[in-house]
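>>> A structural model of the following input is requested.
(one chain, ligands or ions: 1)
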Amino acid sequence: MKRGHNSDDAEGGREDEEEKRTKGDGPSLNVKILNSEEEMSNHYKQLDLIGEGCFGQTFIAHPANNPRIRFAMKVQTKENPYAPAAFGNDGAYADVLRLYREIVILTKILPRHRNIIQVKDTLIGPDNLYILTELCTQYTLEDFFPKADAVTGKRIFRQLADALLCIHQHGVVHWDLNLFNILFVDENLEECKIIDFGLSAYHPSWATKTNNNFDPRAWFREEELDLPMGPNKSGDIKCLGYFLHCILAGKFCPVMIANMDVEMTTTYRPRSELFGQEAMNLLKMIGPRPFGPERVEELPPIETICQHPWLTR
Ligand SMILES: Nc1ncnc2c1ncn2[C@@H]1O[C@H](COP(=O)(O)OP(=O)(O)OP(=O)(O)O)[C@@H](O)[C@H]1O
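Coordinates of the predicted model:
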């Protein structure tokens with residue numbers, strides 16, 4: 001898909017950047033265009049429904065010519081009147097921009113990373129947009145907590161921190177890190193992937209690395225790069241700190257409970273005897289109260305977390 005329209009009339013003349021963009025010599029996305037929704041069956045066969053979110057449904061699917069390969073297929077209606085207003089649904093434009101941003105983030109802004117879900121194909125029909133990704137299991141981070149020990153807990157936390165490092169370094173804030181957006185590759189629960197970049201934000205000024213010379217101005221208009229209210233890196237770090245606490249406690253820990261201070265040192269006590277003092281030190285840096293800092297501003301950046309001795313030794 002080209003952002004500008006296609007053009008065969010370049011005539012070899014000198015074009016400035018703006019001209020290049022509007023004449024279609026700009027960046028491209030591999031998107032298949034369907035003339036009708038029925039045409040989808042020429043490409044992929046839809047199987048079981050595996051998930052439903054605010055913006056659409058997710059199915060298992062296989063390529064029409066290869067029933068042995070399995071993908072996750074997210075089907076999103078282009079204009080979704082049910083998308084919550086709080087998520088920026090101020091009309092069709094916001095909805096389309098959100099989908100567009102998710103695809104550009106996953107296919108252009110972020111490099112391939114084994115713990116970030118990989119997009120395999122994108123198709124657009126008259127009503128729906130289809131995003132095909134690698135298929136994970138339905139095991140989420142919540143299923144992992146009871147199995148977390150010193151070795152596996154560190155392994156999974158390191159994968160998450162490493163993926164978040166890549167996300168933040170490339171100028172993206174995920175903004176929807178929760179237990180259900182971390183899926184495992186198989187039932188061994190040894191490798192996880194971050195999914196669902198539907199609420200993610202991107203800003204070039206946040207980036208310290210660039211994937212394949214990604215040029216933000218070729219992909220987004222200036223107003224589309226306006227920093228939205230809300231998304232910030234500290235919000236993602238706070239979620240990571242929450243994951244760490246659940247791993248150390250070996251169970252799902254509620255975010256809000258009565259008698260928080262007591263519960264956190266009894267029912268939801270981090271198992272320091274199993275994980276050691278270095279893990280406890282990291283919990284002190286990024287964990288929820290009463291372990292971690294009082295104010296979000298005190299949370300360290302992901303670069304500091306990845307260099308913490310618990311993860312590097
Ligand atoms: N790659 C995948 N492999 C396996 N299951 C998946 C995959 N992607 C999504 N799912 C399933 O579909 C559900 C919804 O997917 P996703 O979170 O991407 O959609 P969404 O519409 O943005 O949802 P939400 O409103 O929860 O943000 C997931 O919770 C998960 O159960």
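>>> if I've got this straight, L183 is in a helix?
No. Counting by DSSP: H, G, I helix; E, B strand; the rest coil, L183 is not found in a helix; it is strand.
>>> Can you classify the nearest residue to it once chain neighbours are set aside by secondary structure?
Leaving out its chain neighbours, the residue that sits closest to L183 by C-beta to C-beta, 6 or more residues apart in numbering is C136, at 3.7 Å. (C-beta placed from N, C-alpha, C; glycine too.) Three-state assignment for C136 (three-state DSSP): coil.
>>> how about C136, what does it touch?
72, 117, 183-185, 193, 195 (C-beta atoms under 8 Å, 6 or more residues apart in numbering).
>>> one more time with 10 Å, if that's ok
50, 72, 117, 182-186, 191-193, 195 (C-beta atoms under 10 Å, 6 or more residues apart in numbering).
>>> swap in G53?
So G53 contacts 74, 76, 83, 176, 180-181, 196, 198 (C-beta under 10 Å, 6+ apart).
>>> Just the buried residues out of these, in ChimeraX syntax.
Selection command for ChimeraX covering only the buried members of the contacts of G53, criterion 16 or more other C-beta atoms under 10 Å:
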select :74,76,83,176,181,196,198
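>>> Quick check: which of the contacts of G53 has the minimum pLDDT.
pLDDT is lowest at A83 among the contacts of G53; the value there is 53.
>>> Neighbours of P254, how many?
Using other C-beta atoms under 10 Å, P254 is surrounded by 10 other residues.
>>> Which secondary structure element is home to R112?
If you go by DSSP states H and E, R112 is not part of any helix or strand.
>>> Would you mind measuring from it to K120?
12 Å (C-beta to C-beta, to the nearest Å).
>>> Neighbour count: the two, which is higher?
Neighbour count, other C-beta under 10 Å: between R112 and K120, K120 has more, with 16 against 9.
>>> nearest spatial neighbour of the more buried one, skipping sequence neighbours?
L132 (4.6 Å).
>>> Among the contacts of G53, which one sits closest to D215?
Nearest to D215 among those: G198, at 23.5 Å, using C-beta to C-beta.
>>> I117 is in contact with the closest one, correct?
No. Between G198 and I117 there is no contact under C-beta atoms under 10 Å: 11.7 Å.
>>> Which neighbours do these two have in common?
With C-beta under 10 Å, 6+ apart, G198 and I117 have common neighbours 131, 181.
>>> can you list the residues of the stretch 51-200 of the chain near the ligand?
51, 53-56, 58, 72, 74, 117, 133-136, 138, 176, 180-181, 183, 195-196, 198 (C-beta under 6 Å from any ligand atom).
>>> Going by residue numbers, what spans are helices in the stretch 101-250 of the chain?
141-144, 150-169, 216-219, 233-249 (DSSP state H, counting those that start in this stretch).
>>> Spatially central residue in this structure, please.
With distances taken as C-alpha atoms, centre = their mean, F197 lies nearest the centre of the chain, 3.7 Å away.
>>> now that residue: how far from G287?
25 Å.
>>> what's the distance between D48 and the ligand?
Distance of D48 to the ligand, given as C-beta to the nearest ligand atom, to the nearest Å: 11 Å.
>>> Repeat that for P301.
25 Å.
>>> is it true that that residue touches N232?
No. Between P301 and N232 there is no contact under C-beta under 10 Å: 11.3 Å.
>>> Would you mind telling me which of these two has more residues around it?
More crowded of P301 and N232, by other C-beta under 10 Å: N232, with 16 against 13.
>>> ok, now which ones touch the closest residue in space to that one that isn't next to it in sequence?
Distances taken as C-beta to C-beta, 6+ apart put V173 closest to N232, at 6.2 Å, once the chain neighbours are dropped. Contact analysis of V173 by C-beta under 10 Å, 6+ apart lists 164, 167, 197, 199-203, 206, 227-228, 230-236.
>>> now do P300
Contacts of P300 by C-beta under 10 Å, 6+ apart are 234, 237, 241, 282, 285-286, 293, 307-308.
>>> Which strand or helix spans F59?
With DSSP H and E as the criterion, F59 is inside strand 56-63.
>>> buried sites along the helix or strand that that strand is followed by?
Per DSSP H and E, the first helix or strand lying C-terminal to strand 56-63 is strand 71-77. Using 16+ other C-beta under 10 Å as the test for burial, strand 71-77 gives 71-77.
>>> relative to strand 56-63, how tilted is strand 71-77?
140 degrees (axes from the mean of the first three to the mean of the last three C-alpha atoms, to 10 degrees).
>>> and strand 71-77, what does it pack onto?
Judged by 3 or more C-beta pairs under 10 Å, 6 or more residues apart in numbering; DSSP states H and E, the packing partners of strand 71-77 are strand 44-52, strand 56-63, helix 92-104, strand 119-124, strand 128-134.
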